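Asks: below are the sequence and a predicted model; questions follow.
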Amino acid sequence: MVLFAQESLDVFSGPSETLHLHAQSYQLLVIPSVRFTFSPPSATVAHLSDTPSTNPFPVTFLNDQPSKSSANSDIGINPQYSKSRSEVPTRFRWWPALGESLLYTGIMNTFDLASQAGTRDSLNGHWFQQYTRSVSELRGWSDSDRFMAPYVGHPLEGSIFGFIERQNDPKYRLVQWGDGRGYWVSMLRSMAYSAVWHTQWKIGPVSEASIANVMLHASPGFITLVDTPTLGFCTMLAEDAADRYLLIGLENRTTNRAIIILARSFLNPGRTFANMMAFRPPWIRDTRLNLFGENYEIRKMLVEDYKNGTGEKPFQFVKNAWMPPGVEFSHAHPKEATIELTAFPYYETFLGGGSCVGGGGTGAARVSPSLQVITEVSGCLIMHMRQSNISADSLFYGGGFRWTPLAARRFSPFGQFMIGGRKVTMEVDDEALMKKLLKEWNDGDGTLPHYPTRFDWSKETSQNGPSIAVGGGFDWVVTRPFAWRLLNVEYTHSWMNDVAQIHPQEGLKISTQAVVRIGTW
């Protein structure tokens, strides 16, 4: 909707009632056929972003800075509606996204190099040899980090990469929580992008493995490869929900810039950092009026009128406000998911003695209404080792088929069979030797020339053999995009020898899984 010039109206010298703007999500309800002439200051048509040069999309609002020669400019409130669908850019902005992602990766590597003497020491020696050796050590589930790193830090990293994807995706960059199919499509694109970039961060050419050789110094588990994109997906959901239900409510009640900026930054940390990677103000929102310049004057007027009871609520959610008018999704989608992606925790008890706790991820593609092809990678930390200096883990990798006779129902039983391999690894650490070597190295200032690796103080034993998993359970379809695999019970059998006191030949595995369903909406 665009305001066309027919008559002049000085909104700053006249009563505030003459300005009836109803900011609903990204679009504003306005009195049609009116030109706004601000005197002073003058109005200009500019990008919504506080930094127009970094926002090349056809999204405009009042600029935060007045123009020198724009006394009678028209104000484009939602100008993408004045363009045909073919004129709106839809191609993903690969080069800016690549630059922003590399910048964020560089910041993480710089922090590690600045704060960790062991990372700096890893720059010595044969780079490619150390890199390939580090990647080859990837196994198991745990990576020896405590709770904050895998369950807080890495999900936030996944959220940052996800928001970098969204802000460079012209087709979905303005989606909000509640937008239906378009929102979930955007979230899946963000999760896929996050998975690729975190895999790069973990084992790629500019990664912890290549620069810090972390798998040579710490337990090299798969946990972050799984939880960064999946929990990052959940973190993005939480940030979007906070933006809609908390931040918009706050902005309808106050125009205090400091409070709004702090609230936006604190409640949306992933989006905040992604904005910074694009050299935009951390607090910017492309769906609402800016916080500076002429936009701020309008914002204050709207909120004041609402609080006085003379105006409507300034900021409200409108479903799919980002879509051009007249565009609706009316596709008939099957109830059976074409593709399913899952993340899950699990517990496995070895029938010969012992147990382990871990997690994993699966992917499934439907080949018929009642049959899926599946793959899985999962790992667990083996519990109750006889001494505190002994640790062990199990890794399963494989694929197979899942039978889903009632996949179109809300409650759906299933049975599955997978074949692959299992690797069980046990390490015995000489803790006294480890402390002695670290003391001798003394962060590079001691007598030991290089940062000691795990192999200097630990002994590793492993077995790798073929393995099968047979079982089943039932799903509850919560909504078309999501299901909860309430229970999955599997019998596992592995053709391998004991690893010390660990007997992994037979086991019973129990899990509950979060399922993202693609193709049903």
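Replies: Received, thanks. Numbers count the residues shown, from 1 in each chain.

Asks: so where is the stretch 251-400 of the chain shaky, pLDDT-wise?
Replies: Counting by pLDDT under 70, the ranges of the stretch 251-400 of the chain that qualify are 325-331.

Asks: break down it into its helices, ranges please.
Replies: Using DSSP state H, counting those that start in this stretch, the helices of the stretch 251-400 of the chain run over 257-267, 269-277, 293-308.

Asks: any idea which of these gets closest to T425?
Replies: Comparing these by their distance to T425 (CB to CB), the top pick is helix 269-277, with 33.9 Å. No exception for glycine: its C-beta is placed from N, CA and C like everyone else's.

Asks: could you say what helices and strands the closest one packs with?
Replies: Taking 3 or more CB pairs under 8 Å, 6 or more residues apart in numbering; DSSP states H and E as contact, the helices and strands that helix 269-277 lies on are helix 94-115, helix 154-167, helix 223-242.

Asks: what residues sit buried inside the helix or strand just after the first one?
Replies: Using DSSP states H and E, the next helix or strand after helix 94-115 towards the C-terminus is helix 117-121. Taking 16 or more other CB atoms under 10 Å as the neighbour-count basis, helix 117-121 is seen to contain the buried residues 118-121.

Asks: cool, stretch 229-241 as well?
Replies: So, applying 16+ other CB under 10 Å, buried residues of stretch 229-241: 229-236, 238-240.

Asks: also stretch 491-509?
Replies: Within stretch 491-509, the residues that qualify as buried are 492, 494, 496, 499, 502-505, 507, 509, counting by 16+ other CB under 10 Å.

Asks: same question, stretch 467-475
Replies: By neighbour count, and taking 16+ other CB under 10 Å as the criterion, the buried residues in stretch 467-475 are 467-469, 471-473, 475.

Asks: nearest to G162 among those?
Replies: Nearest member of the buried residues of stretch 467-475 to G162, counting by CB to CB, is D475, at 25.6 Å.

Asks: contacting residues for that closest one?
Replies: Shown here is D475, whose contacts under the criterion CB atoms under 8 Å, 6 or more residues apart in numbering are 411-412, 414, 483-486, 515.

Asks: would it count as being in a helix?
Replies: No. Residue assignment for D475, taken from DSSP: H, G, I helix; E, B strand; the rest coil, gives strand, which places it outside any helix.

Asks: neighbours of P466, just the number please.
Replies: Around P466 sit 13 other residues, with neighbours defined as other CB atoms under 10 Å.

Asks: and the nearest residue to it once chain neighbours are set aside, what pLDDT?
Replies: Take P466 and drop its neighbours on the chain: the residue closest to it by CB to CB, 6 or more residues apart in numbering is W495, 5.1 Å away. Listed pLDDT for W495 reads 97.

Asks: then S144?
Replies: 66.

Asks: try the one 5 residues further on
Replies: pLDDT, the model's per-residue confidence, is 77 for A149.

Asks: re earlier: closest to Q463 out of the contacts of D475?
Replies: Ranking the contacts of D475 by separation from Q463, with CB to CB as the measure, puts R485 on top at 29.6 Å.

Asks: quick one: low-confidence parts of the stretch 401-521 of the chain?
Replies: In the predicted model of the stretch 401-521 of the chain, no residue satisfies pLDDT under 70.

Asks: quick one, strands of it?
Replies: Ranges of strands within the stretch 401-521 of the chain are 411-429, 458-479, 482-494, 506-518, based on DSSP state E, counting those that start in this stretch.

Asks: how far does stretch 380-398 sit from its chain's centre?
Replies: Taking CA atoms, centre = their mean, to the nearest Å, the mean C-alpha location of stretch 380-398 is offset from the chain mean by 29 Å.

Asks: got it, and stretch 295-306?
Replies: Between the mean C-alpha location of stretch 295-306 and the chain-wide mean there is a distance of 34 Å, by CA atoms, centre = their mean.

Asks: also stretch 358-375?
Replies: Counting by CA atoms, centre = their mean, stretch 358-375 comes out at 22 Å from the chain centroid.

Asks: if we can go back for a sec, measure the residue nearest to P466 to M383 for me?
Replies: 23 Å (CB to CB, to the nearest Å).

Asks: and the angle from whichever strand or helix holds S186 to strand 482-494?
Replies: When elements are assigned from DSSP H and E, S186 belongs to helix 181-203. Relative orientation of helix 181-203 with respect to strand 482-494: 40 degrees, computed using axes from the mean of the first three to the mean of the last three CA atoms, to 10 degrees.

Asks: what is helix 181-203 packed up against?
Replies: With contacts taken as 3+ CB pairs under 8 Å, 6+ apart, helix 181-203 sits against helix 94-115, helix 154-167, helix 223-242, strand 506-518.

Asks: now the contacts of D475 as JSON lines including neighbour count?
Replies: Putting the contacts of D475 into JSON lines (neighbours: other CB atoms under 10 Å) gives the following:
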{"residue": "F411", "neighbour count": "11"}
{"residue": "S412", "neighbour count": "19"}
{"residue": "F414", "neighbour count": "20"}
{"residue": "A483", "neighbour count": "23"}
{"residue": "W484", "neighbour count": "14"}
{"residue": "R485", "neighbour count": "20"}
{"residue": "L486", "neighbour count": "12"}
{"residue": "V515", "neighbour count": "21"}
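
Asks: that older thread, of the helices and strands packed on helix 269-277, flag the one that's most buried.
Replies: helix 154-167 (a mean of 26; mean count of other CB atoms under 10 Å).

Asks: could I get that one in PDB with only the CA atoms?
Replies: The C-alpha coordinates for helix 154-167 follow below in PDB (Å, rounded to 0.1, in the frame of the first residue of the first chain):
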ATOM      1  CA  HIS A 154      26.100 -24.300  20.400                       C
ATOM      2  CA  PRO A 155      22.300 -23.800  20.000                       C
ATOM      3  CA  LEU A 156      22.900 -20.000  20.000                       C
ATOM      4  CA  GLU A 157      25.500 -20.500  17.300                       C
ATOM      5  CA  GLY A 158      22.900 -22.400  15.300                       C
ATOM      6  CA  SER A 159      20.500 -19.600  15.800                       C
ATOM      7  CA  ILE A 160      23.000 -17.000  14.500                       C
ATOM      8  CA  PHE A 161      23.700 -19.000  11.300                       C
ATOM      9  CA  GLY A 162      20.000 -19.500  10.900                       C
ATOM     10  CA  PHE A 163      19.200 -15.700  11.100                       C
ATOM     11  CA  ILE A 164      22.100 -15.000   8.700                       C
ATOM     12  CA  GLU A 165      20.300 -17.300   6.300                       C
ATOM     13  CA  ARG A 166      16.900 -15.600   6.800                       C
ATOM     14  CA  GLN A 167      18.200 -12.100   6.400                       C
END
